[in-house]
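Novice: just coords:
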């Protein structure tokens, strides 16, 4: 099994974990750092995998997902600081 495939599966599991927790755990949502950190890690891993298989639709999707999670995390950090 290739390492890129393993990284892709781990990324997929992280993104799905964030989604499922957001759906079913009230205190876990888009306005929490842990949600966004999980999405940053997951989408970053999926982006690595997408590059390894040269899948442009998947590259674009995960780039946008990663940027959105980074921007949201930066907003949350700004709000925490005052």
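Specialist: Nice, thanks for sending it over. For clarity, every value in this text was computed on a predicted model and none was experimentally measured. Numbers count the residues shown, from 1 in each chain.
Novice: now residue 58: closest residue in space, sequence neighbours ignored.
Specialist: Nearest non-adjacent residue to residue 58, counting by CB to CB, 6 or more residues apart in numbering: residue 50, 3.8 Å away. Glycine gets a C-beta too; all of them are placed from N, C-alpha and C.
Novice: quick one: contacts for that neighbour?
Specialist: 8, 58, 59, 61, 62 (CB atoms under 8 Å, 6 or more residues apart in numbering).
Novice: distance of it from residue 66?
Specialist: For residue 50, the distance to residue 66 equals 11 Å [CB to CB, to the nearest Å].
Novice: geometric centre of this structure: which residue is closest?
Specialist: residue 39 (2.1 Å; CA atoms, centre = their mean).
Novice: and the pLDDT for the residue nearest to residue 58?
Specialist: Looking at residue 50, its pLDDT is 98.
Novice: could you measure from it over to residue 21?
Specialist: 23 Å.
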